[in-house]
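Colleague: generate a structure from the sequence data that follows.
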Amino acid sequence: MEIRIGQLAKLTGYQVETIRFYEQKGILPAPVRSESNYRMYGKTHVERLQFVRRCRSLGMSLEEVRTLLTFHDQPGQPCDGVNDVLDQHIADIDRQMAELRALHTELMRLRASCGSARPAGECQILKELVNAPADSL
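Modeller: Residues are numbered from 1 along each chain as shown. Prediction:
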């Protein structure tokens with residue numbers, strides 16, 4: 001299978017610019033060139049882009065993807081590092097969820113401070129936003 005970048009983009013759902021970006025960042029290996037100097041991609045590129053898409057759909061950063069690809073490319077290596085990447089990613093998500101819960105609680109508290117429509121000058125929410133404590137900045 002040898003296809004050009006436009007075909008690869010259609011096949012994988014990526015934009016051509018994204019494919020080039022992944023090449024520049026070393027996420028996707030450089031393709032071979034045809035006699036007319038077109039980039040020619042193969043099955044390996046398709047599989048790698050599918051791997052990247054799945055990782056990104058799980059919220060992983062490009063650095064995390066790069067680390068996982070290192071393990072993928074060296075199948076004889078122990079996978080402890082893969083577990084470490086996922087453990088750290090899970091911890092990051094747990095932290096983000098805690099921050100979002102705290103944000104939700106604060107917004108609910110603010111919303112509860114203004115139970116009825118009144119002139120904006122009397123709006124308790126606006127007053128509290130103006131008088132926010134310094135530690136919330």
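Colleague: for the spatially most central residue of the chain, helix, strand, or coil?
Modeller: Nearest to the geometric centre of the chain sits Gly59, at 4.2 Å (CA atoms, centre = their mean). Using DSSP: H, G, I helix; E, B strand; the rest coil, the structure places Gly59 in coil.
Colleague: all strands of the protein, in order?
Modeller: Under the criterion DSSP state E, strands of the chain are mapped to 32-33, 39-40.
Colleague: domains of this structure?
Modeller: Annotated domains of the chain cover 1-77, 78-131 [automatic domain parsing].
Colleague: just name the most buried of those.
Modeller: Highest mean neighbour count of these: domain 1-77, a mean of 15 (counted as mean count of other CB atoms under 10 Å). (Each C-beta comes from the backbone N, C-alpha and C, glycine too.)
Colleague: avg pLDDT for it?
Modeller: Mean per-residue pLDDT for domain 1-77: 95.
Colleague: end-to-end on that domain?
Modeller: 29 Å (CA to CA, to the nearest Å).
Colleague: and if you look at stretch 34-54?
Modeller: End-to-end for stretch 34-54, by CA to CA: 30 Å.
Colleague: hmm, back to that, I'd like the strands of the chain as a markdown table, with distance to Glu122 appended.
Modeller: Formatted as a markdown table, these follow (distance: least, CB to CB, whole Å):
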| stretch | distance to Glu122 |
| --- | --- |
| strand 32-33 | 70 |
| strand 39-40 | 64 |
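Colleague: quick one: residues contacting Glu99.
Modeller: If a contact means CB atoms under 8 Å, 6 or more residues apart in numbering, then Glu99 has no contacts.
Colleague: any idea how far stretch 81-96 is from the middle of the chain?
Modeller: Counting by CA atoms, centre = their mean, to the nearest Å, stretch 81-96 is centred 13 Å from the centre of its parent chain.
Colleague: hmm, who's touching that stretch?
Modeller: So stretch 81-96 is contacted by Leu58, Gly59, Met60, Glu64, Thr67, Leu68, Thr70, Phe71 (CB under 8 Å, 6+ apart).
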